[in-house]
Structures are given as structure tokens and as C-alpha cells.
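1. 3D, please:
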Amino acid sequence: MKPEPMTSSPETRSPRLLFILNNDYGELGLAMYFLQGRNLASTTTLLLPPRLYSKNKDTLPGKTYSYDSIDDILCTVDETEPDIVFLFSGYILPLHQIISLEETEALVQLLSDRNCKVVTSDPFFGIFSQLDPAEANAPEALQLFETEIIKDQPWPYRLSTTFGNMRILKQFARASHIIRNTTHLYYTRTHPDDEPIEVGTDNVTFFNPSLVRDGDTSADTTSGNAASESADDRHWLFILGSVDYDLQTSFYGEERFIDILQKKLEQTLQAGRRPVFLAPDECVQKLRSRAPVHARKDLLTFCAYEDFNARLLNAEYVFYWNLASYSTFLRVINGLPMFMFDEGHLARHVKPMHERMVRWYYQNWTPPSLNQHEALDADALEDLASTYKKETDVIVKNLRELPPPEQVIQELFSR
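-> A predicted model of the protein is given here:
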């Protein structure tokens, strides 16, 4: 199904927006951070790859279409005539092999020729924004990936990781060059008392107050966040992405790591809570064979963004293996407790990422960490969560000083 052409004049209409998303749910989440609850949907078109489109086509704000080639994108650009195009993300669109680096470059040039403002998200918070393709092979560039974790691994793992990092670095360097003149959009910022982190020459930040439930951050974090569930049906949510599953199984071996997850499931049931897992298919299949029959329905592999958010915001606690998971943002700004079992693939493999996440994303605060080899205890978790909201309230207070999405759009449209 093709979008209808838009014919209203620039003098009388609001800016037309086009979001081009990759296969990453994190980038879909960021687009929703910008659009959710705002009056932007009537002039917004979203292009999703088939994987995301199949689950989300009827649930997102704005007009939603599927694409699987550069031709589909160009057709939508021709028919919707957008004023502002959001690449989510220009850094990693080519990595998902839907459009190539060459096609991304051609797209950016075509949009520029049409006087479209091009905006990209940046999941790396500026780490790769200044990369020069001519220096991508330099030892100092590769050191971006030299972390302690690699030194502790067997030689075959270290070798394959190094070659993989070199390949990714070259792609990021080329992508950085292609989108060097685009605006970089960030949904958080460094703490106001910190020295700013250089992320590029043209960047904008925003905060969407509609993401805070009930319009404030005063909701109770022990019962209010689970209002849709009875006290006897509260759930703990475990979120494990495919890359982080691969990372954990490289540490422990698949069977041992499945044993760890099985224990978490059992400990959750022992605490009188319902364990909900969102994990890769191979992980879920192995865990399902070990889970009690009544718990298997909550072992999930892939769901719509709307369903995911409901589980995320209604969970008593959420457990992650990734400090950089996009969905932690919704837990933080709503004062809802979460815990980390591991920093995850980005913080472990990209050397500056931990500092960027702490200073920028979490504003000099880090979520509580747990040892995944130790048992989960409801009383101990409650103690850890008792001061959580006081910390996150400070973060939200700082973020509320940022402009809302509509103000950002008007600024971009007027340039």
C-alpha cells in the first residue's frame, strides 16, 4: 500500500516528517520517544523493515509502511515529500543489510538536493561521529574496541573479535562520513554540572514529557507501576537481546548460561512473582523445555512495541544484561526499579561507551548491579530499590529542561 501524496502549501502546513527505521527495536523505541503522546502523527510517516512492520503496523502513531529496498524508500520520499527525514540510525542502517552504504550515501544526497533536513539518531553518543574513513585502520582507531574482556578470552575468540571490530569500524567510519553534515538527535544529555561531551557540530536534544506516566514522576514504585496486575500476579521482567545472549554464552557456554537463566526463573517463582522473559528464540526454546508448564507462556521472543511497553512499565522489577538497552530510559524517567546483571556488548566492546553511558545517558548515576550467580531475593531487591526513585527524580528534573519534540521540529524546519 502506497502513501497518498501531500499537497498543502509550505505556508499553511506543519512540517512533514519521515522516519526510516532499521531492524533494531532500539531505534523504533527512540522514534516513539519522539512521537508518543505528541500532536505530530498527522504529518508523520514511518518506514519499517518487514520484521518490525509485521508486529507494529497497526499500533504506531502516524502512517506506517513497510520497505525492503532503497527503491521503496525513494518511492515514499517522492510521494510524501517530507521536510525532515529521520534516519534511525544513519550509523547502523547499512549494517542491517537492507540498504547498502552506497545507497545510504545516494539517499542522503538526494534528500539534500531536495532541501530536506536530514536527522540521524546516534546510539553511540558521538563516539564514532568524528571518524575519518582514511584512518579506520589506524591502531589508535582500533583501540576504541580494545577492552579488558577481549584479553581474558581464548585466542580464537580474540582473533575473530578483532577482525570483526575492524570490519565494523570501517563501516562506521564510512557511515560517519556520509552523515557528517546531518543533524544528530539525542534524547538525553550530559549532567548540567559536567563538561559537555563533543558529539559533532550540529546536534539537538529533546525530552518528551508524555513519556512520564500520569504527567509526573510521583507514582508509587512498588504498587503503582503494577496497577494492571493484582498483588498476587506481579511480574519480574528479564530482557536479553540476541547479541548479549551470544556474549554470555561465549563466557559460560550455552548450557551453563541456560542453567543461570533457569535458576532466575525458579527464584522468581519462589518469590511469588511471575517470571517474564524476552530473549532470542534459541534461548527461549531451551529455557521452555526446563520451565514449569504454567510459566512457559511468559517466555517470549518477539512482540509488538506496544505490548513490550506494557510489560516493561507494569513490571515490579526489570533485569537487564545491557547497560545501553534503549528501554532502560522509560524505567528511569518513571522511577521504576531495574537491575543490571552485566554491562552488555556495547559497554564491554566499545571502550568509551561505559563513560558515555554514565555521564550522558544516566547523568552520573548507574543502575544497581547484581551478581547473576547469586540468588534473587525479594527483600534484598526491595532494599536496593528503596533509594532508586530519589536518584531518578534528579535525572528527570534535568531532562525536563530540554525542549519538547514540537520545539525541535520548528527549529529544524526554520533553518
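2. what comes into contact with stretch 256-274?
-> 232-236, 238, 240, 245, 248-249, 251-252, 275, 277, 279, 283, 286-287, 290-292, 295, 298, 316, 319, 372-373, 375-378 (CB atoms under 8 Å, 6 or more residues apart in numbering). Every C-beta, even on glycine, is put in place using the N, C-alpha and C of the backbone.
3. average pLDDT across that stretch?
-> Stretch 256-274 shows a mean pLDDT of 97.
4. Return the residues in contact with Leu313.
-> 213, 225, 330-331, 334, 336.
5. Please apply the same query to Asn208.
-> With CB under 8 Å, 6+ apart, Asn208 has these contacts: 33-34, 36-38, 187, 404-405.
6. can you rerun that using 7 Å?
-> 33-34, 36-38, 404-405 (CB atoms under 7 Å, 6 or more residues apart in numbering).
7. related to what we said a few turns ago, of the contacts of Leu313, just say which sits nearest to Pro133.
-> Leu330 (35.6 Å; CB to CB).
8. in what helix or strand does the closest residue to Cys303 other than its chain neighbours lie?
-> With sequence-adjacent residues excluded and distances taken as CB to CB, 6 or more residues apart in numbering, Cys303 is closest to Lys55, at 6.7 Å. Assigning secondary structure by DSSP states H and E places Lys55 in helix 50-56.
9. Equivalent analysis for Asn165, please.
-> helix 155-178.
10. Give me the next element, helix or strand, following that helix.
-> Helix 155-178 is succeeded, C-terminally, by strand 183-186 (DSSP H and E).
11. now this structure, which segments are flagged as low pLDDT?
-> In the predicted model of the chain, residues 1-13, 134-142, 146-164, 196-201, 215-232 satisfy pLDDT under 70.
12. tell me the strands in it, going along the chain?
-> 17-21, 44-48, 63-66, 84-88, 117-121, 183-186, 203-205, 235-239, 274-278, 299-300, 317-320, 338-340 (DSSP state E).
13. distance of Ala385 from Glu411?
-> From Ala385 across to Glu411, the span is 38 Å (CB to CB, to the nearest Å).
14. Which of those two has more residues huddled nearby?
-> Ala385 (19 against 13; other CB atoms under 10 Å).
15. Test my guess that the more buried one contacts Leu336.
-> No: between Ala385 and Leu336 there is no contact under CB atoms under 7 Å: 9.0 Å.
16. hang on, the earlier thing: can I get the strands of the chain in TSV including distance to Glu105 and mean neighbour count?
-> Output for the strands of the chain, formatted as TSV (distance: least, CB to CB, whole Å; neighbours: other CB atoms under 10 Å):
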stretch	distance to Glu105	mean neighbour count
strand 17-21	14	27
strand 44-48	18	25
strand 63-66	23	19
strand 84-88	12	26
strand 117-121	12	23
strand 183-186	17	21
strand 203-205	21	17
strand 235-239	34	23
strand 274-278	35	23
strand 299-300	38	18
strand 317-320	35	25
strand 338-340	37	21
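17. Reformat those strands into CSV and put distance to Met166 next to each item.
-> CSV is the format used below for the strands of the chain (distance: least, CB to CB, whole Å):
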stretch, distance to Met166
strand 17-21, 27
strand 44-48, 31
strand 63-66, 33
strand 84-88, 24
strand 117-121, 23
strand 183-186, 25
strand 203-205, 28
strand 235-239, 30
strand 274-278, 32
strand 299-300, 35
strand 317-320, 28
strand 338-340, 29
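18. Could you tell me how far Cys116 is located from Ile20?
-> Distance of Cys116 to Ile20, computed by CB to CB: 12 Å.
19. Mutual contacts of the two, please.
-> Common neighbours of Cys116 and Ile20 (CB under 7 Å, 6+ apart) are Val85.
20. follow-up on the earlier one: quick one: the residue nearest to Cys303 from Ser42, how far?
-> 23 Å.
21. With Val284 instead?
-> From Val284 over to Ser42 (counting by CB to CB), the distance is 38 Å.
22. Isn't Tyr317 up against Ala378?
-> No: using CB under 7 Å, Tyr317 is not in contact with Ala378; the gap is 9.1 Å.
23. which residue sits closest to Lys57 in space, ignoring its chain neighbours?
-> Spatial nearest neighbour of Lys57, excluding adjacent residues (CB to CB, 6+ apart): Thr64 at 5.4 Å.
24. residue contacts, the one you found?
-> Contacts for Thr64 (CB under 7 Å, 6+ apart) come out as 46, 48, 53, 56-57.
25. more neighbours, Lys55 and Ser42?
-> A direct count of neighbours by other CB under 10 Å for Lys55 and Ser42 places Lys55 higher, at 18 against 10.
26. what's near enough to touch that one?
-> Lys55 makes contact with 302-304 under the criterion CB under 7 Å, 6+ apart.
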